[in-house]
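Asks: Sequence first, predicted model second:
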Amino acid sequence: MKRLLIANRGEIAARIIRAAREMGIESVLAVSDVDADSYPAQLADELALVGPAPATQSYLNPEALIRAAKERGVDAVHPGYGFLSERASFAQAVLEAGLTWVGPSPEAIELMGNKAAARAAARAAGVPIMIGSDGGLGPSDDVCAAAERIGFPLLIKASAGGGGRGIRVVREPEALLGEFKTAGAEALAAFGDATVYLERFIDHARHIEVQILGDGTDVIHLFDRDCSVQRRQQKLIEEAPAPNLPDHLRKLMLDAAVQLGRSCGYMGAGTVEFLYDEARDQVSFIEMNTRLQVEHPVTEMVTGVDLVREQLRIASGELLGYAQDDIVLSGHAIEVRLCAEDPAAGFMPSPGTVERLVWPGGPGVRVDSGVVAGSTVQPYYDSMIAKLVVWDSNREDAVQRALRALDEVQIDGIRTTVPFLRKVLADAAFTRVEHHTKMLEHRPDLFELAAR
């Protein structure tokens with residue numbers, strides 16, 4: 001691998017560029033016309049203009065990206081996360097163009113990208129799964145019969161979904177058909193597929209995920225992360241390892257994730273996601289993400305493994321650089337996602353020019369950012385501008401380090417979620433590990449405090 005097209009933008013583009021440079025790989029960054037002078041564009045060795053600002057005409061345009069790869073003479077494509085990273089047809093097009101795809105096979109993406117099919121694959125691999133419908137459900141299927149078997153409350157989830165879209169909570173039978181229709185319409189609009197499936201809903205679940213790496217032959221895990229602090233199904237704070245998780249359930253999840261990866265000949269970085277039901281002392285598989293995750297830095301901080309470098313090595317044809325026994329946990333890491341949103345205005349996006357910017361420093365502090373002073377935060381894309389990641393020897397100290405680091409962040413010109421994140425981190429429910437995926441829906445006081 002000599003020249004790499006990065007089919008993404010923002011902080012993840014900068015992250016991949018840096019890893020490639022350390023490995024002696026030239027980076028060609030795909031950019032929309034409004035991103036041509038972005039911070040990642042300044043870091044890249046070369047730029048490839050792939051279209052105008054709307055993502056559908058640039059970062060979500062497979063033809064434009066393949067054309068740019070051929071014109072720039074690259075030999076590999078890294079999709080980052082989001083956009084086309086889990087589009088099996090794009091991975092296949094990259095391979096058919098004679099290029100290396102930095103990720104799992106199109107077949108694995110296709111299998112795990114359909115949530116209903118992934119459930120079936122997990123069941124076949126012996127992975128504990130959440131009780132739910134046996135397969136995908138469309139407008140002509142008997143959703144009432146499936147719901148009666150599962151019981152209420154339940155979740156309706158888009159089979160081809162992701163990013164929190166196409167998900168509806170149904171607490172009463174009377175609301176089922178209406179929410180089923182709405183979820184199907186959302187799924188069709190977002191993913192081009194109206195198929196959904198049903199799953200038991202747990203009110204106070206924690207979201208735990210396992211990082212895996214595979215080379216097509218062998219698979220290992222890099223332990224787990226807790227991603228339970230969420231707003232509208234979007235993760236806000238992540239940490240590794242998952243705190244207060246019983247040892248027997250941790251081992252069950254780690255073993256299950258590896259088994260699932262091996263069952264589909266997994267190659268590259270992937271994440272197997274579970275829900276932890278503390279009341280029932282159970283964990284259940286919910287889905288697999290066949291790409292790098294936004295929260296991968298916390299795993300890097302506690303294991304010392306550079307996941308992007310490993311992605312590039314494996315895609316180049318090398319075997320895993322680590323045996324399972326080589327992966328050792330050290331300390332505790334926390335990541336907070338900094339978004340250009342205004343807490344005082346209901347978290348409305350806050351695009352604009354970053355007039356002044358000061359990031360925190362000190363031991364155990366890492367900032368993965370897509371902006372610098374003078375950067376323009378565009379209104380066309382996701383509002384996340386940076387990830388603040390901290391490490392310390394234990395969780396209590398890591399929380400305090402994260403709070404200190406947030407206090408040092410200074411951003412003028414746009415509104416950000418920094419005050420809200422600080423309120424959540426300092427809240428007793430988080431420090432005592434009493435948080436769960438729906439906590440913020442029941443804590444309006446945190447939003448009120450952050451808006452002051």
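Replies: All right, it came through fine.

Asks: C-alpha from now on. contacts and neighbour counts both.
Replies: Fine.

Asks: Output stretch 120-127 as CSV, nothing but the C-alphas.
Replies: Output of stretch 120-127 as CSV, limited to C-alpha atoms (Å, rounded to 0.1, in the frame of the first residue of the first chain):
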residue,chain,number,x,y,z
ALA,A,120,-29.7,-14.7,12.8
ALA,A,121,-26.0,-15.0,12.3
ALA,A,122,-25.3,-14.3,15.9
ARG,A,123,-27.8,-16.9,17.0
ALA,A,124,-26.2,-19.5,14.7
ALA,A,125,-22.8,-18.6,16.2
GLY,A,126,-24.1,-19.2,19.8
VAL,A,127,-24.1,-15.5,20.7
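
Asks: pLDDT on it, on average?
Replies: Averaged across stretch 120-127, pLDDT comes to 92.

Asks: Stretch 59-77 now?
Replies: 97.

Asks: Any idea how far that stretch is from the middle of the chain?
Replies: Its chain's C-alpha centre and that of stretch 59-77 lie 23 Å apart, by CA atoms, centre = their mean, to the nearest Å.

Asks: Over to stretch 380-388?
Replies: Stretch 380-388 sits 13 Å away from the centroid of its parent chain (CA atoms, centre = their mean).

Asks: Adjacent strands (with direction) for the lengthiest strand in the chain?
Replies: Looking across the chain with DSSP state E, the single longest strand is strand 219-231. In the sheet, strand 219-231 lines up against strand 206-215 (antiparallel), strand 234-240 (antiparallel) (DSSP bridges).

Asks: Give me the residues contacting it.
Replies: The contact list for strand 219-231 (CA atoms under 8 Å, 6 or more residues apart in numbering) reads 205-214, 235-243, 254, 257-258, 261-262, 266, 298-299, 303, 323-324, 327, 329, 435-441.

Asks: could I get the strands paired with strand 219-231 as CSV with mean pLDDT and mean neighbour count?
Replies: Formatted as CSV, those follow (pLDDT from 0 to 100; neighbours: other CA atoms under 10 Å):
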stretch, mean pLDDT, mean neighbour count
strand 206-215, 98, 26
strand 234-240, 96, 24
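
Asks: can I get the ones you listed in a markdown table with distance to residue 14?
Replies: Listed next are the strands paired with strand 219-231 as a markdown table, based on distance: least, CA to CA, whole Å:
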| stretch | distance to residue 14 |
| --- | --- |
| strand 206-215 | 21 |
| strand 234-240 | 20 |
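
Asks: quick one: the longest strand of the chain to chain centroid distance?
Replies: On CA atoms, centre = their mean, the centre of strand 219-231 falls 10 Å from the chain's centre.

Asks: what's the answer for stretch 14-24, then?
Replies: When distances are taken as CA atoms, centre = their mean, stretch 14-24 is centred 20 Å away from the chain's centroid.

Asks: pLDDT averaged over it - what is it?
Replies: Here the average pLDDT along stretch 14-24 is 98.

Asks: repeat for stretch 87-107
Replies: Mean predicted lDDT for stretch 87-107 stands at 97.

Asks: would you put the C-alpha positions of stretch 62-81 in CSV?
Replies: Output of stretch 62-81 as CSV, limited to C-alpha atoms (Å, rounded to 0.1, in the frame of the first residue of the first chain):
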residue,chain,number,x,y,z
PRO,A,62,-19.6,6.1,-5.0
GLU,A,63,-19.0,6.9,-8.6
ALA,A,64,-17.2,10.2,-7.8
LEU,A,65,-15.1,8.5,-5.2
ILE,A,66,-14.1,5.6,-7.4
ARG,A,67,-13.3,8.0,-10.3
ALA,A,68,-11.1,10.1,-7.9
ALA,A,69,-9.3,7.0,-6.8
LYS,A,70,-8.5,6.0,-10.4
GLU,A,71,-7.4,9.5,-11.4
ARG,A,72,-5.1,9.9,-8.4
GLY,A,73,-3.5,6.6,-8.8
VAL,A,74,-4.2,5.3,-5.4
ASP,A,75,-4.1,1.6,-4.5
ALA,A,76,-6.4,1.6,-1.5
VAL,A,77,-9.5,3.2,0.0
HIS,A,78,-10.2,3.9,3.6
PRO,A,79,-13.9,4.8,4.3
GLY,A,80,-13.5,6.0,7.9
TYR,A,81,-16.9,5.8,9.6
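
Asks: hmm, back to that, closest to residue 39 out of the strands paired with strand 219-231?
Replies: Each of the strands paired with strand 219-231 has some distance to residue 39 by CA to CA; the shortest is strand 234-240, at 23.2 Å.

Asks: Next, residue 91: secondary structure please.
Replies: Here residue 91 is recorded as helix under DSSP: H, G, I helix; E, B strand; the rest coil.

Asks: Now it. Nearest residue, chain neighbours left out?
Replies: Nearest non-adjacent residue to residue 91, counting by CA to CA, 6 or more residues apart in numbering: residue 106, 5.7 Å away.

Asks: Residue 67: what's it in contact with?
Replies: Counting by CA under 8 Å, 6+ apart, residue 67 makes contact with nothing.

Asks: Look at it and give its secondary structure.
Replies: In three-state terms, and counting by three-state DSSP, residue 67 is helix.

Asks: so how far is residue 404 from it?
Replies: According to CA to CA, to the nearest Å, residue 67 stands 46 Å off from residue 404.

Asks: ok, back up a step: do I have it right that the residue nearest to residue 91 meets residue 93?
Replies: No. Judged on CA atoms under 8 Å, residue 106 makes no contact with residue 93 at a distance of 9.5 Å.

Asks: okay, those two: which has more neighbours?
Replies: Just comparing residue 106 and residue 93: by other CA atoms under 10 Å the higher neighbour count belongs to residue 106, 21 against 16.

Asks: That concludes my questions; thank you for your assistance.
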